[in-house]
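Engineer: fold the following and give me the result.
(2 chains)
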Amino acid sequence: MKLTIHHLYADMMNLYGDRGNVISIRKRCEWRGIPVEVVDVGLGEGVKPTGCDIFLFGGGQDREQALLADDLSGSKGVDLRAIADDGGVILGVCGGYQLMGNSYETPDGEKLPGVGIFDLHTEPRNPDEERLIGNVLVRVRVPETGEEREIVGFENHGGRTRLGDTEPLGEVVAGFGNNGEDGTEGARRLHAYGTYLHGSLLPKNPWLTDQLILSALRRVDDDFDLEALDDAAERSAFASMASRMAGRR
Amino acid sequence: MGRLLDNARLSAAIAAARSAQIASRRLKRGGGSTVPGVVARRIDPGVLAKLSRRLPLGSAAITGTNGKTTTTRMVSKILQTAGIRAVNNSTGANLITGVTAALISDSTISGTLASQIGLFEVDEASVPKVAEEAELKILAVLNLFRDQLDRYGELAYTGKVIASAFGDLPQDGSVVLNADDPLVASLGRSAISPVYYGVDEPALDTGRLQHVADSKDCPVCGTALVYETVYMGHVGVYDCTNCDFGRPDLDYRASRVRFDGARGTDFHLDTPHGSLEIRIKLPGLYNVYNALAAATVASEAGVGLEEISRGLREFGGAFGRVERVEAGDREAFLLLIKNPVGFNEILRTFVTGADAKHVLIAINDNHADGRDVSWLWDVDFEMLAEARSEGITNGMRPFTVSGIRAGDMAVRLKYADLPVGDVIPDRKEAIQAALEATPPGETLYVLPTYTAMLEIRKTLSELGYTHPFWEDR
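Structural biologist: Here you go, the predicted structure:
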């Protein structure tokens, strides 16, 4: 069974080490002997699910957001929403997350339509507001296991995201999250995840990486399980950031 | 009367700045590089404008993401070779306060300057203010890479900020631009008669846009650029298929680039005033770009080719950027890392013959380092892993990893299938351990981010191996 990573706009949206997320999924599959293929999905190219897929949608700059919103306004956006509705695995980070909502307003006041996977919208910051920048610690409730877990990352966004009828991915323990005001961070619906955390997100939080991999594999094999890996290095990196931010709780 | 008062205020500002400088040095606050500027500007906000107008040859400013300090130091060396006395902000204090402080340290209390020309490296965001106050004759833009996005927002905006300063240059001023960086080259559209430099060396084509490429789309119309050659990141020979934008014709051109490992580099230089061979003591293509930019700035300032060649040949490296330190019977080679492009170039140097066996990487995430360490994932460690599996870097020992973000660095190496050696977050302990692990007669390559470099240098200094950095070398 092969897992396909569909890297959306890999050639444009490569800010903030999105590549780390691709590497993390690929290596954690390879180490378990699960074959992986990475497919770049560029402007004008459709998404072609194989059955066992993870869609990664990273962050870009404002000028690129407009190009992307345009590219997603046709069948590609409709397909992505259908994949999400069907329980497909999608991870959007920063700019990608914003475009998974209903709408995104640029700093110039242009309102771009989103894919509509999440009921949320994103507004630009007011002139007197700062970009939201810094390390983030988020507490995440994991419906799959009923556990509470934490994720760390780095956020850097001007846009303020307001959730409508969509669950947040988690609650902010330290940092800003969706808008710096309501304590929410990211969004989650079925197996679609959106978040402002990069840094890169998945290498720092291997349990989340494994959850994405497992969700993708279970779409073709209900009984699939992942063998445990030695995550001492990842745990140590996580612990050093989590304890550093504990002071900010 | 007004003029007298004005001069009195200037003198008061300079005097206060002097006291602040002495106090700051005594407190060992990093060499007192900016504090005098802050103090003087508070007393006389016109201090920079007044002093800079007393420089007979005016001023040149160098900005961009990578290579500011090295390029500025290269120009400085060339000017020195040509017998022109330059004042520069050599310790990396590149905001307006640092530029002000540099001029003050060059001035008598009454405001008489010892130097003939000002030569400043300027932080991208500070360019408009420096251009407005200091009478710039030359403004050079080296490149614009994603570096400190958490400080400046986005690249296109940074470009606009820099271009907004072009109007402050006089009619006979020179805007010097790197033609191989599309965003930088596009700024030429806002300049009256820009001067372009670039590299023509098809043999250095990496064949692919690196993962870190920032501006692969036409900065004018947004269409994807077509690259004939990619040197590093988004720097190369390119063209837009949709609009009239493309890589401009070169006024200053480097070609026939030949690397000699960590020992140096040779290249051929064509200029509007003739051609010659250049030798620099620094490794890597990024230093070819620095030398080319330095040659262009010096030539535009009126320096002859002979002096340019000699100055570059004698240039020994800028503080901390590339520096050799004798550490007892071992040698430490410090290579500052700021961002993925620079890191990639250093790794490429290792692969192409630096024969690095002992390596210490130290990653901090203080403000001056960049607080976001995502960029580690854009560094092409996979290239090194590939070279290793092909037996090219056989002698290389597992890297020692240090810094506040040692954990993240270790994870990065793990995911590139590179072996991780000791993980020692404390910089002081790490440099000592890494030196001890380096056999006598061999070289330790130290790859620190900015504040980690300061800490490591301090430890080396305490061990008696180097000098405090404000003792200009």
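Engineer: can we go C-alpha only for contacts and neighbour counts from here?
Structural biologist: Fine.
Engineer: can you get me a residue count around the nearest residue to residue B:136 once chain neighbours are set aside?
Structural biologist: When the adjacent residues along the chain are set aside, residue B:136 lies closest to residue B:59, with 4.7 Å between them (CA to CA, 6 or more residues apart in numbering or on different chains). Other residues near residue B:59 come to 24 when the count uses other CA atoms under 10 Å in any protein chain shown.
Engineer: any idea how far residue B:59 is from chain A?
Structural biologist: 34 Å (CA to the nearest CA, to the nearest Å).
Engineer: surely that residue and residue B:134 touch.
Structural biologist: Yes - the criterion here is CA atoms under 8 Å, and residue B:59 meets it with residue B:134 at 7.2 Å.
Engineer: overlap in contacts, those two.
Structural biologist: Residues touching both residue B:59 and residue B:134 (CA atoms under 8 Å, 6 or more residues apart in numbering or on different chains) are residue B:52.
Engineer: hey, which helix or strand in chain B has the poorest pLDDT?
Structural biologist: When the helices and strands of chain B are compared on mean pLDDT, DSSP states H and E, helix B:149-152 comes out lowest with a mean of 45.
Engineer: contacts only, for residue 57.
Structural biologist: Picking chain A for this. The neighbourhood of residue A:57, defined by CA under 8 Å, 6+ apart, consists of A:7, A:8, A:9, A:13, A:90, A:91, A:92, A:93, A:96, A:97.
Engineer: could you do chain B instead?
Structural biologist: Residues in contact with residue B:57 (CA under 8 Å, 6+ apart) are B:116, B:117, B:118.
Engineer: the same query, at a cut-off of 10 Å, please.
Structural biologist: Taking CA atoms under 10 Å, 6 or more residues apart in numbering or on different chains as the definition of contact, the neighbours of residue B:57 are B:84, B:86, B:115, B:116, B:117, B:118, B:135, B:136, B:137, B:301, B:302.
Engineer: tell me what the second one is bridged to.
Structural biologist: Judged by DSSP bridges, the bridge partners of residue B:86 are residue B:117.
Engineer: from residue B:311, how far out is it?
Structural biologist: Using CA to CA, to the nearest Å, residue B:86 is found at 14 Å from residue B:311.
Engineer: overlap in contacts, those two.
Structural biologist: With CA under 10 Å, 6+ apart, residue B:86 and residue B:311 have common neighbours B:75, B:76, B:77, B:79, B:80.
Engineer: would you confirm that residue B:13 belongs to a strand?
Structural biologist: No - residue assignment for residue B:13, taken from DSSP: H, G, I helix; E, B strand; the rest coil, gives helix, which places it outside any strand.
Engineer: still on that earlier bit, buried subset of the contacts of residue A:57?
Structural biologist: The neighbour-count test (16 or more other CA atoms under 10 Å in any protein chain shown) applied to these identifies A:7, A:8, A:9, A:13, A:90, A:91, A:92, A:93, A:96, A:97 as buried.
Engineer: returning to what we had before: can you name the residues that contact the residue nearest to residue B:136?
Structural biologist: Residue B:59 sits in contact with B:52-53, B:86-88, B:116-120, B:131, B:134-139, B:301, where contact means CA under 10 Å, 6+ apart.
Engineer: okay, and the beta partners of it?
Structural biologist: residue B:118, residue B:136.
Engineer: just the pLDDT at it, thanks.
Structural biologist: pLDDT, residue B:59: 96.
Engineer: same question for residue B:324.
Structural biologist: Confidence at residue B:324, expressed as pLDDT, is 77.
Engineer: for it, give me its contacts.
Structural biologist: B:316, B:317, B:331, B:332, B:333, B:334, B:335, B:443, B:444, B:445, B:466.
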